[in-house]
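1. Got a predicted structure plus its sequence, pasted below:
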Amino acid sequence: MKKYRIRMMLAAVLGVLVSACLTAPAVAEVGQVSVVFTKGGFIVGVGGGQGVLTFRGKRYPFTVSGMSVGFTVGASTSKLVGRALNLRSPGDLAGSYAVGGAGGALAAGAGGVQLQNAKGVILQLSGPRVGVEASAAVGGVTIAMQ
């Protein structure tokens with residue numbers, strides 16, 4: 001009788017594990033991102049640009065727009081590359097990303113940023129920044145697939 005109970009318990013545990021595996025959400029993947037973003041302003045900074053997501057061997061173009069409020073003086077262009085984490089489909093990249101912090105560029109410098117949208121996609125981007133700009137602002141960036 002004891003062996004029968006052990007077998008039944010093992011069968012039940014195995015059944016729970018199999019059903020959990022079958023109903024688990026799709027595994028998130030990583031995509032490669034490149035963006036060119038130009039920003040300028042005085043007090044209110046406004047910027048925009050274009051980028052490309054490479055995901056599962058295909059290229060998906062997108063646009064970037066953003067605004068920041070706080071101390072912003074000058075203009076700069078950033079050429080950023082990096083990764084998009086937690087993607088399940090290319091459309092997951094679209095959405096609003098919150099940005100906060102301070103940065104600047106004089107002639108040429110380097111910049112880096114990590115952003116997250118409501119779908120849980122994390123952008124880890126870095127690259128050179130060219131121009132003359134100083135900022136200590138809070139704002140946001142919106143990505144739209146083309």
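-> The structure has been received and is ready for your questions. Residues are numbered from 1 along each chain as shown.

2. Please count neighbours and contacts with C-alpha atoms only from this point.
-> Will do.

3. pLDDT (mean, whole number) over the lengthiest strand in the chain?
-> Longest strand in the chain by number of residues (criterion: DSSP state E): strand 58-87. For strand 58-87, mean pLDDT rounds to 82.

4. other SSEs contacting that strand?
-> strand 29-55, strand 95-116, strand 122-145 (3 or more CA pairs under 8 Å, 6 or more residues apart in numbering; DSSP states H and E).

5. worst average pLDDT in the ones you listed?
-> In terms of mean pLDDT, the lowest-scoring of the helices and strands packed on strand 58-87 is strand 95-116 (a mean of 61).

6. What is the neighbour count of residue 56?
-> 12 (other CA atoms under 10 Å).

7. which residues touch it?
-> Applying CA atoms under 8 Å, 6 or more residues apart in numbering to residue 56 gives the contacts residue 31.

8. Next up, phi/psi of it, please.
-> Residue 56 adopts backbone torsions of phi 50, psi 40, taken as degrees, to the nearest 10.

9. For stretch 112-122, buried residues please.
-> Judged by neighbour count using 16 or more other CA atoms under 10 Å, the buried positions of stretch 112-122 are 115, 116, 117, 121, 122.

10. which one is the last one nearest to, not counting chain neighbours?
-> The reference is to residue 122. The shortest distance from residue 122 to any non-neighbouring residue, by CA to CA, 6 or more residues apart in numbering, is to residue 116 (4.4 Å).

11. Hmm, residue 140 and that neighbour touching each other?
-> No - between residue 116 and residue 140 there is no contact, the gap being 10.7 Å when judged by CA atoms under 8 Å.

12. Tell me, how many residues neighbour the closest residue to residue 35 other than its chain neighbours?
-> Once flanking residues are discounted, residue 35 sits nearest to residue 51: 4.1 Å by CA to CA, 6+ apart. Neighbours of residue 51 under the rule other CA under 10 Å: 21.
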